[in-house]
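A.B. asks: predicted model, plus sequence, below.
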Amino acid sequence: MASYLILTPPGAANRSEVSDRYRDGTRFIRDGFSWKAFLFPVLWMLFHRLWLHAAAAFLLQGVALELMRQPGLFAAGAAILLGVHVLAALEGPYALGQRLMDRGWKMENLVSAHDLATAEQIHFSHIEDEPQQDIHSKNWDISANNSNSSRSGPSFGLPGYDGGR
């Protein structure tokens, strides 16, 4: 089961106001291994606007390919190339989420689900179930409710409440 990081853009509608704008602006980022990032790390990073990560991956891939061409250094070059691909696949989604949070996006939730549709359903159903009104504490007057003055202590084994803390 995968976990999905749920981010909302800066200036999005409140969670209490479930609107189409809130639903459209919400991003779900799968926190886990990304096959697209593994197979095409530089293109995946460029697509997600991770410019510095893409430049570093491109340079490391170039160094790895050059090492693979040198006699006796094929294994070192292959290890660097495989490392770049694995690192992009494992840490790419985290870097994407971190970039969005650095730009002001707010992390709303973290949901565990089998797929994206289930994660969306869990997140949005949780929001719709929340109460829409504010619940204010009432001014409880204990002395008015306790008309029997002979019972001044706690009842049912519970400590008494005299209005203070």
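C.D. replies: Okay, I see it.
A.B. asks: which elements pack onto the longest helix anywhere in the chain?
C.D. replies: Determined from DSSP state H, the single longest helix within the chain is helix 74-102. Where contact means 3 or more CB pairs under 8 Å, 6 or more residues apart in numbering; DSSP states H and E, helix 74-102 is packed against strand 2-8, strand 27-31, helix 35-39, helix 41-47, helix 51-69. (Each C-beta comes from the backbone N, C-alpha and C, glycine too.)
A.B. asks: burial count for the spatially closest residue to W51 that is not a sequence neighbour?
C.D. replies: Once flanking residues are discounted, W51 sits nearest to M45: 7.9 Å by CB to CB, 6 or more residues apart in numbering. The tally of other residues near M45 (other CB atoms under 10 Å) stands at 23.
A.B. asks: begin at 339, not 1, for the rest of this chat.
C.D. replies: Sure, I'll start counting at 339 from here, so that last one is M383.
A.B. asks: how far away is M383 from L377?
C.D. replies: Noted for M383: a distance of 13 Å to L377, by CB to CB, to the nearest Å.
A.B. asks: cool, and W443?
C.D. replies: Using CB to CB, W443 is found at 27 Å from L377.
A.B. asks: again, but for A414
C.D. replies: Relative to L377, and taking CB to CB, A414 is found at 22 Å.
A.B. asks: below-threshold pLDDT in the chain: ranges please.
C.D. replies: Within the chain, the stretches with pLDDT under 70 are 350-362, 464-503.
A.B. asks: residues in contact with the residue nearest to W389?
C.D. replies: 375, 389, 391-392, 395, 426, 430 (CB atoms under 8 Å, 6 or more residues apart in numbering).
A.B. asks: and W443 and L377? Which one has more around it.
C.D. replies: Higher neighbour count among W443 and L377: W443, with 19 against 12, using other CB under 10 Å.
A.B. asks: with adjacent residues omitted, what lies nearest to that one?
C.D. replies: L345 (4.5 Å).
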